[in-house]
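can you look at this prediction? I've put the sequence above it.
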Amino acid sequence: MTRYNLAEWGLRRPALTAYLIGLILLTGTVAFLNLGQTDMPDWTMRNMPIRVLWPGASAEQMEQQVIDKIERKLQDTPYLDNLISASKPGEAWIWVNLENTMTDPKGKVPDIWYQVRKKVSDIRDTLPPGVQGPYFNDEFGDVYPLVYGVWGDEFSYAELKDQADWLREELLRLPIVEKVVLVGAQPQRVYLNLSTARLGNLRVSPLALTDAIAGHNAMQPAGQIENAGDRIRLRIDGQFATADDIGRVPVRAADGRLLAVSDLAEVTTGYQDPAEQVMRVNGHRAVGLAISMAAGGNVVDLRRDVVALMQRLEPGMTLGMHATLVADEPQVVTHTLNKFLVKLAVAIGIVLLVSYATLGLRSGLVVATAFPLVLGATFVAMQALDVDLQRISLGALIISLGLLVDDAIIIVEMMLVKMRQGLDRFHAASAAYTSTSLPMLTGTLVTIAGFLPIALAHSPMREFMFGLYGVIAVALLVSWLVSVLFTPYLAYRMLPARLDHHTEVYDTPFYRRLRALVRACVDRRWWTLAAVAGLCALAALISPQVEKQFFPLTDRPDLIVETWLPEGSSFAANEALAKDIDRLLGSEPGVVRWASYVGSDTPRIFTDLWIELPAHNVIKTYVLTTDRPTRDRLRESLRTRIANEVPQARARVNVFPFGIPAPASIEYRVTGPDKRRLHDLAAQVRSVLHAHPQTSGVRYSWRGPVATVRAELDHARLAALGLSAQRLGESLDMLLSGRPITQLRQGDETIDVMLRLTDDERTRLGYLPNVPVPLADGSSLPLGQLAQLQPALEDGVISHYNRVPAIMVYADLPWYVQPLDIDVQIKDQLDAIRARLPLGYHVEIAGIGEISAEIDEAIGAAMPIIAVVIVTLLMVQLHHLGLTALVVATAPLGLIGVLFTLWAVDLPLGLVARLGVLALAGITMRNTVILVDQIRQDVAAGLGRYEAVIESTVRRFRPIVVTAAAAIFALIPLMNDPFWGPMAYAMMGGLALATVLTVLFVPALYAACFRVRPSPPSLVED
């Protein structure tokens, strides 16, 4: 046995080799059954929202007194990419966004969020009095694959919540469930609705009322009696048990009379008014249950266990209540995986048919037997690398199928040649290993290097697309190992002991014609090179006509309907809009179910979903349809109907996208110090977008001004009356918005008791001057006598980007229009605006465009490393700079076919397709390096260089073409997939043309570079 000959090693130890084959098949099967299942891969969220409340503050005061201080401190956060804030009257949000380039985000992000909390806590004392928070949501990236809605029209929110609480406790008993979050539950309230006329007639101050109620219900220790043997505590009875107890509390009037609270105010029970968020299921009020999965679980198992439990619990629910499954991500996963497993099986069948048709039954059976070995070992590696079965990893397996048979075909082909030349099976296997193993290994590593941009690029795509790189890299390495260790063993067992002896294996009519064609290309090398140069020029001409794309839309049968009312709209108006949306959806055929989230967004049902921050004027509606055609029809129908029937709302009807989420199809960020000038610049950008014929819904992140009433106080008079601005504000806030004055404690529920004016008095703007302001002596005066009330407008939202005022300009696009193409089309107009910008002002693309540019930059930064890796591998194999340069020169050959194919079928060159182009370069160089190495071996064996070029090409023709055919046909099942389709077309067209050029162009290029002539032949390769 020659040293390091794995083929001989395996043949000399048949029992061990057979055992290893069985072990791989067994462990591979077990690993496949235990792999996790998702639709798309999870990736670490690098974003955390922080909420701050300061009741009574304007958006400008929030910006200057609160947000600026917090942002200044957060600028020291490690790995910080940017800070984005939105200040509103009384509240603000800050987004802490970490760098996409950070390595090991899963390990670092939790610690960074701890650092953020610590930094903000350090400056909490510097914030103005009355600031509430900040509140940190470091669970923003949590995913809730299942969402139920508990509803029943005849039941109150309290009853719905009680039912939901019971279901939650039972669900949490399941080991696979991590947590269950209630959505849309309404806090209970007891309201004391005061009439100013009644208070005035009975001469009772609101302050006397609040003091009496709070004092009656106070939790106060009354001491204890402790003697030599016992300790006995004294309890004061009288705390409220029901709302009626509040109504019976005595209150002393100014004339000394004792009156009950019910004589002074209407005592009612209800819920938080206005609400913060409401959930509706198929038009019914509901309380939601968002269910997340425990770490290491499988969403398909999660659905099985949860649905089974809910079916068992259903008979125990209150009659008339229902629990409807409104978000069922595991069902989407199952549907996607089933489709992809069918595609994988079809691709395997196609590759095997190609192998049988080109290699014959026995040889094809050897190649077919290598398939399960490669897949089994790959599944084991996927489990070790924590790569689930999902769209990316299964797509990677399909892409790699054609490449997996390449090495096995080369080994079997070489064994057949050696056996026809007179060697027995054992020595034929040994010779096949000696002549092909190292070139195959180099070619495999070069192919893997073609996928290195995914692994080396410092961007979220490294995590998101790791399944593509990891699976293909493992599969190709395993394929090489199987081909050199197990394929010779299988061939030894399956091939006949002897083959007919042929002096010249390739002396058939077909090979004679092929030889003549190759010889013609070599003899007319300059014409051949010129023809390829012409193809390159033609591809460069059509390149601008091939659309660019980041990620396509999904094929899920669901929609997300986003509606907004103008800033400053009431929550009641938003609820009325939700009922209009319910009416529209209820009349549309093909709608299976829908769930609306009023004032908030849907729970994150999968990772790459854009989540809107809570806002009183937003509604997100999740709509499930019967199938994709129905989805597309409904999308256009809803857009038209909402525009015509609900004109007060701005709406987007979206299909869920693949990849990193963004709030709009295309967006631009306008930043600068002066807000007035900023508005002017944003208006110019908006006009450019609005003028484009394919944009719609052009809007700002600053959602317009909101109406306010400014009270100009007479401070001297206030002081004389014993009032201050603070006390005046507290009184007005209590009377108009309601303030808790005590709590009603019932079981584990704590219900705020709110004091406010009657609906008629607190909702009419014209009544505002008559609102009574309590004085220190127990009397009151109308607000109009203490202040001049003037209507005014103020900013509804003020946004910052890295502490600089910023306005985002958004626009929506039709599904068939690519955002990056629009950016190119309006670039000149935007550049004209940029040329006139004052110092400190900027207009930059954001969202999808910015992320795409970052990823392109990250891939570009990795290209020098990849080039060094590839050149080093080639030099190790070829030991020749000229041959290495020749191999590298063939890398772009596939791009010609890619551009022609995408242009012909009118598909975009998306991010995934661009990654396919880079991988295609590796595949092309792999074929070239094996061919060039064969030429070198033939020259070293004594064949003239001219004949070596031609004969090596002829001998390598079948393995190259069979491998290419297998890879091309294996991609057929992916052609209609929205995610992989463009990449499949690109690789099929590119690989087909690259294969032809490898057989015809590479020999001509070799002959031209090394001045190969028919006579005299070169004896030694330089």
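That came in fine, so what should we check first? Numbering: from 1, shown residues only.

ok, the closest residue to residue 65 other than its chain neighbours to residue 729 distance?
Leaving out its chain neighbours, the residue that sits closest to residue 65 by Cβ to Cβ, 6 or more residues apart in numbering is residue 128, at 5.3 Å. All C-beta spots, glycine's among them, are computed from the backbone N, C-alpha and C. The gap separating residue 128 from residue 729 is 14 Å, by Cβ to Cβ, to the nearest Å.

what sits up against stretch 67-75?
Residues from elsewhere that reach stretch 67-75 (Cβ atoms under 8 Å, 6 or more residues apart in numbering): 50, 52, 80, 83, 85, 87, 92, 94, 96, 116, 119-120, 122-123, 126-127, 134, 800, 802-803.

buried subset of those as a PyMOL selection?
In PyMOL syntax, the buried subset of the contacts of stretch 67-75 is picked out as below (16 or more other Cβ atoms under 10 Å):
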select buried, resi 50+52+80+83+85+87+92+94+96+116+120+127+134+800
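
restricted to strands, list the contacts of stretch 67-75.
When strands are assigned by DSSP state E, the members of these inside them are 50, 52, 80, 83, 85, 87, 92, 94, 96, 134, 800.

which parts of the stretch 401-550 of the chain are strands?
With DSSP state E, counting those that start in this stretch, there are no strands along the stretch 401-550 of the chain.

may I have the beta-bridge partners of residue 268?
Residue 268 has these beta-bridge partners by DSSP bridges: residue 191.

that one and residue 188: what is the separation?
In this view, residue 268 and residue 188 are 11 Å apart by Cβ to Cβ.

among these two, which residue is more densely surrounded?
Per other Cβ atoms under 10 Å, whichever of residue 268 and residue 188 has more neighbours is residue 188, with 19 against 12.

mind checking what secondary structure residue 761 has?
What DSSP: H, G, I helix; E, B strand; the rest coil gives for residue 761 is helix.

for it, what are its contacts?
195-196, 767, 770-771.

how does it look with 10 Å?
By Cβ atoms under 10 Å, 6 or more residues apart in numbering, the contact set of residue 761 is 193-197, 735-736, 767-768, 770-772.

from the residues you listed, which land in strands?
Short answer: these in strands (DSSP E) are 193-194, 772.

so which of those residues is the closest to residue 167?
Of all these, residue 167 sits closest to residue 193, with 34.3 Å by Cβ to Cβ.

returning to that earlier point: state the number of residues packed around the residue nearest to residue 65.
12.

send the alpha carbons of stretch 168-181 over as CSV?
C-alpha atoms of stretch 168-181 as CSV (Å, rounded to 0.1, in the frame of the first residue of the first chain):
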residue,chain,number,x,y,z
ARG,A,168,-51.8,30.1,30.6
GLU,A,169,-51.1,28.2,33.8
GLU,A,170,-51.9,24.9,32.1
LEU,A,171,-49.8,25.7,29.1
LEU,A,172,-46.8,26.5,31.3
ARG,A,173,-46.9,23.0,32.6
LEU,A,174,-45.6,21.8,29.2
PRO,A,175,-41.8,21.4,29.2
ILE,A,176,-41.5,22.6,25.7
VAL,A,177,-43.3,25.9,26.5
GLU,A,178,-41.0,28.6,27.9
LYS,A,179,-43.4,31.4,28.5
VAL,A,180,-47.0,32.5,27.7
VAL,A,181,-47.7,36.3,27.4
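
how far does that stretch sit from the chain's center?
Averaging C-alpha positions (Cα atoms, centre = their mean, to the nearest Å) puts stretch 168-181 25 Å from its chain's average.

check stretch 388-396 too.
With Cα atoms, centre = their mean as the basis, stretch 388-396 stands 15 Å off its chain's centre.

stretch 648-666 too?
The mean C-alpha position of stretch 648-666 is separated from the chain mean by 13 Å, Cα atoms, centre = their mean.

same thing with stretch 742-759?
Centroid separation for stretch 742-759 versus its chain: 41 Å, with Cα atoms, centre = their mean.

do stretch 360-373 as well
Stretch 360-373 sits 40 Å away from the centroid of its parent chain (Cα atoms, centre = their mean).

please identify the buried residues of that stretch?
The neighbour-count check on stretch 360-373 (16+ other Cβ under 10 Å) flags 363-373 as buried.

got it, and stretch 775-792?
Under the neighbour-count criterion of 16+ other Cβ under 10 Å, stretch 775-792 has 775, 780, 783, 786-787 buried.

for stretch 241-251, what is the average pLDDT?
For stretch 241-251, mean pLDDT rounds to 84.
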